[in-house]
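A.B. asks: can't give you the sequence, but here's the structure:
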């Protein structure tokens, strides 16, 4: 991840310093960054240095953002080694006493009961597990969501893009334009800001929630009316870590239709977030249905103003990187609402990959999870019509980049 | 709409009242020389001078401190200005052919800072007139005004036009006297046939009233004909049949003769004798710079003197081939002949002379020349015609301004020494005769404190200006070029231009003399000054330039010849693989150089690579300077002459920053590559399109439309700042502070640096003999460490990665730490060192206060996220209340890229007031002065004695 390179440390050490914590005990040792070896060997090494040869362990590490992420296969082990800067901090737990709320369970269990199979395919087999784990939010970072559905007019859409910790570019352009408003004096043309272009493969495009010619109405709760293109650009960039844009979609057919009644409960929330789409979609209908759009209602206001987006990094003279506001151990997402699937969705092309896999994610290599691997496939082998679109966008040579 | 953010704080009436007593926005004066002047006028009775500009402004100046401005509604160039002498009225002619009448009006008395003040005299437009085009005539150029003549009686305005007609306008009502209009045919009738030859007389070039007989005017036509016209009898008294194309006319004081200047570079003297109706030949006709073809003499003045020969002044007339490109004005009297050689175009000129009718001679005392870039005044009474220093309208931009620095409450001792150093410099160049334009009376009280403005220029000079009052006056000029060995002749010291060139030129013809100080051409752009820092208590000055040079200077009253110590600091340290493709460093002078009294260089620190210095800080008490470039920053002990620290701020992957200033090579390469790609792509897709596009016309049209839409609008990419930006390593600000960095109990010297990519580096410094905390703790051990040491304490990476604009440490009470020496010399309240300190970091996007020593965010304000504007400049300012004598507040003042001023309290960072003022750089040669305080305002205050009551004339 390029995040790592931003850490202002010009050390280019070949050795990775490892600080491993098990219970109240610490062990320190180093690993060769260029030759980290395999996970099994590493696991054995850990058992050895902690002198707990027969204890089943759950290995976690603090990544550069201070998130606690698991190490349970070669991929995420290599990731952990390569991003250590330069200290790699490990947290070991006995498997039997493991606190699964800190992060997701290991991949072995997941292979048996994949997220979707748990919910969709074999609903009965896993009933005994008390909380139905739909997805493991700690392994995945949200990349986008539709929020405030209940308070917004149906013609508007408030989209939250989570850039934080993402490798993908935000990837859209805005332009000046004019829109027609209904006023007491009749129709009036007013200047507005519009999305002019999507960068192929960018975050904005991949969410499917924003489209070219959508009118931008608000940026993080501040109306853009009366502001210049440059001002709005600066506002978006300033909020780019946690960007919330309210748009009036150019294509109003994809709107969320509220099914009357504001009844509470899970069922109501499911039905109220129904998305009906009759527009063309890049993905097959069936595939799209497997990854529902994450429509979250009554998004807490406090969350929007959280400091999540600017945890400035302070490096003490020792060179140990620590985010200021949040220690990795207590990093949990209690403020985030639960993401509930909307099983009654007919199609949801708009969110074909609303959740992308975290770089540290523990996605099984076998790809038994059909929907996830499909999402991968679409991004790697674009369908012909998508390729067409890509080309036509590239032709546009008059783009002014800030 | 649907706001989900209800952050509005309840407005506390108490607080609102305090705010009103603290803050008020006032634009007060503009310092410097008006941009693009286009017209000049002088009122000999009121002794006021008016300058019109191409942007439609009229600026009136009198005695120093007396100045006011009028602004036309349209931003059209002012082409002519004429005073109604003694009345405090003036007429302006604009480029759009409209005539405007202005009046001096006393404004209503107002309350400033709790004190009732007399109304400020201002210039107001009271009427305008535009000459109607003649009906039926195809073009309106016939009625385009070429010249205006205001009769001495001030009740009639004669208007000469392109079509050759002369119109008469009654004043002050601005009504046309229809039946008096003099058209060309009337004049042509009385012409002899051989002169008439069927051609038009051309536009009216000049109108001049007879100096003795009122009601007679001289009308000069472009073709050369001059008519003495009697307004009362409406009859031509005399005709002067000139053959040469006319440029201008001027009467001799007695009215017995007049002088005409011509297109061929010559002038003619014509006698006026009653009875003789037709003169064919002038008395004399001369082409002063002949015999080769010369340029036109655009304006000529003829002034009689008591001592004998008249003084002849004219602009232009230079031999076309050899000196056609010079901007010259000639002064000639008897055998004395001087050609003033200016660096910019002559707009207009006038002489200050006696105008009372009872006096027999003009006896001009001064010549005032308005040039495109400066105002030059020549003393005509002192032999040799030396120039007079101007007390206002100083050409700030005489060499391009590269940076500036304002210093308030300058200690009297430093002030005195600067003034003396400046006087020694000026001594030989100027006379000290009093300023000739002395209208109005300056009523402004003497300034309570001395203020200094330092401007750094492209030619390596630093100019010191007195900014205490309304007029900005030059005090002292410091040149840093003599520290280096430059291409220009080493004997030619830029600080004292020797008289040698003048002596040599005495022999040459025309006898040129360089006048004025506007000199836009720099010998070596590397000499340019980028940053200035002055310690007003220790008189130490740090000046840093374009080629990575940092010079520490000290003030001395004695001339000195010495060698400047040179020290080289490599900011790249052990970074490899980088090559600097920019300019070379400046070569320091190897031999001792003479330094005149004033600031004299002590040490030269050369940064490597020699990139432009982007930040400096000076702590005279610790004898330390810090400096930063686009590659890193360094710390230098100028007392012990050793480098303490060099830190590279470049991003490891960033090789682009190394290629030189703004890396032109790279952008060219990149743009070439991009354009090739574009061509290739368009070819490929073009071919494809012909194959794939369906032939349906509708679809084709749609495609065309879509393409148009794609091309037309300006787009902005939304992408967070990345660390790979090629300018991310640029050090934007540096600051020294005595604070708590390592722990909460021991404070000591620290150095802070902020970069373009939102990184902040904090170093703890060990300065021998400074710091009560650590040094005492170690006791005698500190004696051994005689060198200053720097240890990295903290590195802060702002997540939003915006450039850090300013860093400031606040004490336990939340007040900014005082400047060096202020606390130790009891000039400021000693900072609170008992409670926890905090640091204010202002980036382009956010303002944030962090606690110290554990850096955790306390308060913040996300300006860009809220307002969409970015911080350009911040300053911490003390505001005093108008109501309570002893109440003051520290406030953070923020200038944004939209030209707004935002004020925040500290350390709470709550917005206080916002002034939407829209400061945009409209003029490259002026400073706009404004005040944000309700108490302290520097503004013009004066009175002007008029012939009429100073009241607005009732609306008609």
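C.D. replies: Perfect, thanks for sending it. Bear in mind the structure is a predicted one, so any value in this text is a computation, not a measurement.
A.B. asks: Whichever residue of chain B sits closest to chain A: neighbour count?
C.D. replies: Residue nearest to chain A within chain B: residue B:868 (3.0 Å; C-beta to the nearest C-beta). Backbone N, C-alpha and C define where each C-beta goes, glycine included. Neighbour count of residue B:868, defined by other C-beta atoms under 10 Å in any protein chain shown: 25.
A.B. asks: what sits against it?
C.D. replies: By C-beta atoms under 8 Å, 6 or more residues apart in numbering or on different chains, the contact list for residue B:868 reads A:222, A:224, A:227, A:228, A:230, A:231, A:232, A:234, A:235.
A.B. asks: Got a quick PyMOL command for the buried subset of these?
C.D. replies: The buried subset of the contacts of residue B:868, as determined by 16 or more other C-beta atoms under 10 Å in any protein chain shown, is captured in PyMOL by this line:
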select buried, chain A and resi 222+224+227+230+231+232+234+235
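A.B. asks: Let me have the contacts of residue B:868 in CSV, extended by distance to chain B, secondary structure and pLDDT.
C.D. replies: Formatted as CSV, the contacts of residue B:868 follow (distance: C-beta to the nearest C-beta, whole Å; DSSP: H, G, I helix; E, B strand; the rest coil; pLDDT from 0 to 100):
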residue, distance to chain B, secondary structure, pLDDT
A:222, 6, strand, 89
A:224, 8, coil, 89
A:227, 5, coil, 88
A:228, 8, coil, 88
A:230, 7, helix, 89
A:231, 3, helix, 90
A:232, 6, helix, 92
A:234, 5, helix, 90
A:235, 4, helix, 91
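A.B. asks: between the contacts of residue B:868, which is closest to residue A:25?
C.D. replies: Taking C-beta to C-beta as the measure, residue A:25 lies nearest residue A:235 of the contacts of residue B:868, at 48.9 Å.
A.B. asks: Quick one: residues contacting the closest one.
C.D. replies: By C-beta under 8 Å, 6+ apart, the contact set of residue A:235 is A:219, A:220, A:222, A:224, A:227, B:864, B:865, B:866, B:867, B:868.
A.B. asks: how does it look with 10 Å?
C.D. replies: A:216, A:218-220, A:222, A:224, A:227, A:243, A:245, B:718, B:845, B:862, B:864-869 (C-beta atoms under 10 Å, 6 or more residues apart in numbering or on different chains).
A.B. asks: pretty sure residue A:51 is in a strand, no?
C.D. replies: No: counting by DSSP: H, G, I helix; E, B strand; the rest coil, one finds residue A:51 to be coil, located in no strand.
A.B. asks: Please report phi then psi for it.
C.D. replies: phi 60, psi 50 (degrees, to the nearest 10).
A.B. asks: I'd assumed residue A:45 was in contact with it.
C.D. replies: No: taking contacts as C-beta atoms under 10 Å, residue A:51 lies outside contact range of residue A:45: 11.9 Å.
A.B. asks: Among these two, which residue is more densely surrounded?
C.D. replies: residue A:45 (16 against 10).
A.B. asks: thought that one was touching residue A:20?
C.D. replies: Yes: contact status for residue A:45 versus residue A:20: in contact at 9.5 Å, counting by C-beta under 10 Å.
A.B. asks: Common neighbours of the two, please.
C.D. replies: With C-beta under 10 Å, 6+ apart as the test, residue A:45 and residue A:20 both reach A:27, A:29.
A.B. asks: Show me what counts as buried in stretch A:231-250.
C.D. replies: So for stretch A:231-250, counting by 16+ other C-beta under 10 Å, buried means A:231-249.
A.B. asks: In strands, which of these fall?
C.D. replies: Counted as lying in strands by DSSP state E, out of those, are A:242, A:243, A:244, A:245, A:246, A:247, A:248.
A.B. asks: any idea how far the closest residue to residue B:943 other than its chain neighbours lies from residue B:402?
C.D. replies: Leaving out its chain neighbours, the residue that sits closest to residue B:943 by C-beta to C-beta, 6 or more residues apart in numbering or on different chains is residue B:441, at 5.0 Å. Here residue B:441 is placed at a distance of 38 Å from residue B:402 (C-beta to C-beta, to the nearest Å).
A.B. asks: Compare neighbour counts for the two and give me the winner.
C.D. replies: Taking neighbours as other C-beta under 10 Å, residue B:441 and residue B:402 compare with residue B:402 leading, 22 against 14.
A.B. asks: if I read this right, the more buried one contacts residue B:546, doesn't it?
C.D. replies: Yes: using C-beta under 10 Å, residue B:402 is in contact with residue B:546, at 7.7 Å.
A.B. asks: Quickly list what's touching both of the two.
C.D. replies: B:458, B:460, B:525, B:527, B:528, B:529, B:530, B:612.
A.B. asks: Could you pull out the helices in the stretch 251-400 of chain B for me?
C.D. replies: All helices of the stretch 251-400 of chain B, identified by DSSP state H, counting those that start in this stretch, fall at B:320-323.
A.B. asks: The stretch 101-250 of chain A too?
C.D. replies: Using DSSP H, counting those that start in this stretch, helices in the stretch 101-250 of chain A cover A:107-112, A:115-116, A:203-207, A:229-238.
A.B. asks: buried ones in the third one?
C.D. replies: The neighbour-count criterion (16+ other C-beta under 10 Å) identifies A:203, A:204, A:205, A:206, A:207 as the buried residues of helix A:203-207.
A.B. asks: and those near chain B, which?
C.D. replies: When those are checked against chain B using C-beta under 10 Å from any C-beta of the partner chain, the ones in range are residue A:204.
A.B. asks: Name the member of the buried residues of helix A:203-207 with the shortest distance to residue B:645.
C.D. replies: Using C-beta to C-beta, the buried residues of helix A:203-207 come closest to residue B:645 at residue A:203, 40.8 Å.
A.B. asks: Where in chain B is the helix or strand with the lowest mean pLDDT?
C.D. replies: Lowest mean confidence among the helices and strands of chain B (mean pLDDT, DSSP states H and E): helix B:774-778, at a mean of 42.
A.B. asks: For residue B:14, the count of nearby residues, please.
C.D. replies: Other residues close to residue B:14 by other C-beta under 10 Å number 8.
A.B. asks: quick one: it is in a helix?
C.D. replies: Yes: with three-state DSSP as the criterion, residue B:14 is part of a helix.
A.B. asks: And it, how far from residue B:20?
C.D. replies: Applying C-beta to C-beta to residue B:14 and residue B:20 gives a distance of 11 Å.
A.B. asks: now residue B:343
C.D. replies: For residue B:343, the distance to residue B:20 (C-beta to C-beta) stands at 48 Å.
A.B. asks: Give me the more crowded residue out of these two.
C.D. replies: The neighbour comparison of residue B:343 against residue B:20 (other C-beta under 10 Å) goes to residue B:343, with 20 against 14.
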